[in-house]
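Colleague: here is a sequence together with a model predicted from it:
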Amino acid sequence: MYLNLFFLITAALSLASVAKAGTYSQCQASDSSLQGCPSGTKYVAAGTKIQTAIDSGAAYILIAPGTYNEQLKVSKNLVMLGSTKGTVTVTHSAYKDLSGSGANRDAATLYVSGSTFYAYDIVFANTADDKTTASQPLGPAAAVYFETNAKASLYNCQVKSWQDSLYAGGNFFMYKGSVWGWVDMLYGDGKSWFSGVTIYNRGCGGGITAWRGASGGAVIQEGGRVTIASDARSGTSGCYLGRPWDSKMKSSYLNTVMDSVVNLKGWSTWSSSDPRYTEGQTIFEEYNSSGAGYDASKRQLVKILTSNPYTIKGFFGDTSFIDSGTASI
Ligand SMILES: *[C@@H]1O[C@H](CO)[C@@H](O)[C@H](O)[C@H]1NC(C)=O
């Protein structure tokens, strides 16, 4: 009897420690009653506009399951909660015309500036290239764009586009979820840490990371997987992990599973006519990579680390912008 009780309690405790409840789980499982939501949460019903709720000044918004065709602009502190009763998708189609004016920030499905921003369980898609049959994407088409002055984090979100899918200029943290792209899908100037994120290659072009390090930025991918997308273009293979947007780029993959879509050479210069790679200045690193896309003897330009020098706290210094109730940091 005592033994059985002991066993049950132990089993319950270990289950609880496996599934870490998110900070807003109760609210996200709610509906327009906003049960368990922070006070002042605004509810976005299907068929209405998310931007209206953003503009209302609410600090928290809960979004009903559905597809929202709109472009979101955020310039104040905001927590965007996707309902977990169904999928919440925000979608928009626009790209930066490489031959003309315009900027990728204007094409972005979600644009965030000057604030601390959180999003949970939301799909952000830029569909500009969803149907292209061309040999390269139409142009940069961000799904999410975080300005230099933003501190942003995404939890269990999907970021889907084809070129320059995600731009991070300030401090950025992504926990679980996925990023989808074809050319230079992760780019930025800031400090970014991707924890347990799956990278889906829809094609291979440029590098998965294309970073600028001149202002101290760096990008770390930790504990995730690099693989091929279910909707990848035919012949997708040989994807590079990164290429230098500037010669001070710093990009590290830690504890990452690399599927066969990854080029065994691993890393690339910017281009043969404009390499941008400077020995001792451009830092490409891998620690404990595994999978069919990894063979240390075939790697180029990279330093293979024998121990992991990074922690999330050490990397950012101040981690107060991260929801440590949801993410393990
Ligand atoms: C190496 O990475 C794998 C996941 O890719 C992880 O399961 C394992 O614990 C890591 N090993 C070390 C020593 O960190």
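Modeller: Perfect, thanks for sending it.
Colleague: doesn't residue 262 make contact with residue 299?
Modeller: No. Look at residue 299 against residue 262 with Cβ atoms under 8 Å: they stay out of range, at 10.4 Å. All C-beta spots, glycine's among them, are computed from the backbone N, C-alpha and C.
Colleague: those two: which is more packed in?
Modeller: residue 262 (29 against 19; other Cβ atoms under 10 Å).
Colleague: pLDDT at that one, what is it?
Modeller: At residue 262, the pLDDT value in this model is 98.
Colleague: what's the answer for residue 131, then?
Modeller: pLDDT, residue 131: 89.
Colleague: again with residue 20
Modeller: Confidence score, pLDDT, at residue 20: 59.
Colleague: with the one 3 residues further on instead?
Modeller: Per-residue confidence (pLDDT) for residue 23: 97.
Colleague: and residue 101, by the same measure?
Modeller: 72.
Colleague: in a strand, residue 181, correct?
Modeller: Yes. Assessed with DSSP: H, G, I helix; E, B strand; the rest coil, residue 181 lies in a strand.
Colleague: now for residue 226: which residues touch it?
Modeller: Residue 226 is in contact with 198-199, 201, 208, 239, 241, 253, 256-259, 261-262, 293, counting by Cβ atoms under 8 Å, 6 or more residues apart in numbering.
Colleague: if we use 6 Å, what do you get?
Modeller: 199, 258, 262 (Cβ atoms under 6 Å, 6 or more residues apart in numbering).
Colleague: what helix or strand is it on?
Modeller: Secondary structure assignment for residue 226, by DSSP states H and E: strand 225-228.
Colleague: can you list the strands that that strand pairs with?
Modeller: strand 198-205 (parallel), strand 257-258 (parallel) (DSSP bridges).
Colleague: which of the ones you listed is buried the deepest?
Modeller: Each of the strands paired with strand 225-228 was scored by mean neighbour count; the highest is strand 198-205, a mean of 24, by mean count of other Cβ atoms under 10 Å.
Colleague: can you redo the strands paired with strand 225-228 as CSV with distance to the ligand?
Modeller: As requested, the strands paired with strand 225-228 are arranged in CSV below (distance: least, Cβ to the nearest ligand atom, whole Å):
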stretch, distance to the ligand
strand 198-205, 12
strand 257-258, 5
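Colleague: what's the closest of those strands to residue 169?
Modeller: strand 198-205 (20.0 Å; Cβ to Cβ).
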